[in-house]
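1. pasting the sequence and the predicted model now:
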Amino acid sequence: MKAAPFAYHRPDSVTEAVQMLSEFGDDAKILAGGQSLVPMLAMRLTHFEHLIDISRIGELTGIDLVDGQIVVRAATPHALVGLDDEVADSVPLLTLATPHIGHFQIRTRGTLGGAIAHADPAAEYAAVALALDAQIEAVSSRGRRDIAAADLFTGLWETSLAADEILTAVRFPVWSGRCGFAVEEFARRHGDFAIAGATVALELDGDDRVTRCAIGLLGLGSTPLRGVDGEQAVVGTRVSDISTDEIGRLTLAAVTDVPADLQGSASYRRRVGAAMVSRALASAVAQVTSEEMIHA
């Protein structure tokens, strides 16, 4: 099957792209890497009269460390995010999540902004953004506004971005101190969408108590989710007293409307999700303690 006819536009700047989006209205769609949109167009699951390609706008590509945050511009490919040393040092969850995204070819073309704006519930970067309380920068003809990741995802493939807004960058807070990070997910085959997955970040104090914990869930709802119950359960607890299996079960017990499809039933996804939380939490704890043993 082929996509229905559309007009293709390649603006040279964000200003020009915003003008086009405002002019064409609901008949237009932003095209970044195209790794999610193009297959949907080809299968005629969606159709737009105008595609506005922002992938070659220079101001939308790059990674910067600014005021304690890593700023990833929207058209930055997954592969560059995964290979960037500044990202690895400052926001390790992005580095750890990248290899789970499709295959190498997809990571070369797909973009961080496109992945987050697409709002797939199984998207790794979306779960990371949600867990770390990232800020999304959006621009329209009315100016720029910031959107908290917690307020961005509103439904399956739906966000709070206005029809005339372009996601231009995502700002990820940098965690410092005694921190551990992990990403775990399960898919039938490498590169497939995850049946369930978890991203975990935690910070310990000098007494090995958890002072901060962030859990992002993917593949377990109509949007990426935050594992709030699991986070609250471990904060203030010594890591030696944490049962990761119990935290996994507790986190998933609070998740309602777990989807069921050909990949598995809702109860199966729930069990897998609990296991992924448990594994990611255990890996994050092990990362902190093993690194300290190495440097002792």
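-> Structure received. Numbering: from 1, shown residues only.

2. only C-alpha atoms for contact and neighbour calcs from this point on.
-> Fine.

3. quick check: mean pLDDT across stretch 109-120?
-> The average of the pLDDT scores along stretch 109-120 is 95.

4. run the chain-centre distance for that stretch.
-> 8 Å (CA atoms, centre = their mean, to the nearest Å).

5. repeat that for stretch 50-70.
-> 16 Å.

6. are we agreed that His47 is in a helix?
-> No. Under DSSP: H, G, I helix; E, B strand; the rest coil, His47 sits outside any helix and is assigned coil.

7. isn't it up against Pro39?
-> No. Between His47 and Pro39 there is no contact under CA atoms under 8 Å: 11.2 Å.

8. tell me which of these two has more neighbours.
-> His47 (19 against 14; other CA atoms under 10 Å).

9. could you report the pLDDT at the more buried one?
-> At His47, pLDDT is 90.

10. same for the helix or strand hosting Arg271, what does it pack against?
-> Assigned by DSSP states H and E, Arg271 falls within helix 266-295. On a contact count with 3 or more CA pairs under 8 Å, 6 or more residues apart in numbering; DSSP states H and E, helix 266-295 meets strand 178-186, strand 196-204, helix 244-253.

11. gap between it and the chain center?
-> 18 Å.

12. pLDDT on that helix, on average?
-> Mean predicted confidence for helix 266-295 is 88.

13. give the buried residues for it.
-> 266, 268-270, 272-288 (16 or more other CA atoms under 10 Å).

14. got it, and stretch 245-252?
-> Per 16+ other CA under 10 Å, stretch 245-252 contains these buried residues: Asp245, Ile247, Gly248, Arg249, Leu250, Thr251, Leu252.

15. need the contact list for Arg109.
-> Neighbouring residues of Arg109 by CA atoms under 8 Å, 6 or more residues apart in numbering: Gly33, Gly34, Gln35, Pro77, His78.

16. give me that answer again for 6 Å
-> The contact partners of Arg109, by CA atoms under 6 Å, 6 or more residues apart in numbering, come to Gly33, Pro77.

17. for Ile247, same thing?
-> So Ile247 contacts Gly230 (CA under 6 Å, 6+ apart).

18. what of Ile195?
-> Counting by CA under 6 Å, 6+ apart, Ile195 has contacts Phe186, Ala187, Gly219.

19. between the helices and strands packed on helix 266-295, which one is closest to Pro121.
-> Of all those, the one in closest proximity to Pro121, counting by CA to CA, is strand 196-204 (9.7 Å).

20. what's downstream of the closest one, the next helix or strand?
-> strand 210-218.

21. average pLDDT for whatever helix or strand comes next after that next one?
-> Scanning forward in sequence from strand 210-218 by DSSP H and E, the next helix or strand is strand 225-226. The average pLDDT within strand 225-226 is 98.

22. which elements pack onto the helix or strand following strand 225-226?
-> Once the chain leaves strand 225-226, the next helix or strand it forms, by DSSP H and E, is helix 228-234. Counting contacts by 3 or more CA pairs under 6 Å, 6 or more residues apart in numbering; DSSP states H and E, helix 228-234 packs against helix 244-253.

23. next, the contact list for Ala214, please.
-> Ala131, Val200, Ala201, Glu231.

24. what residues go with each domain of the protein?
-> Per the TED database, the structural domains of the chain span 5-51, 56-170, 178-293.

25. between the two ends of the shortest one, how far is it?
-> Its start and end residues considered, domain 5-51 measures 10 Å (CA to CA, to the nearest Å).
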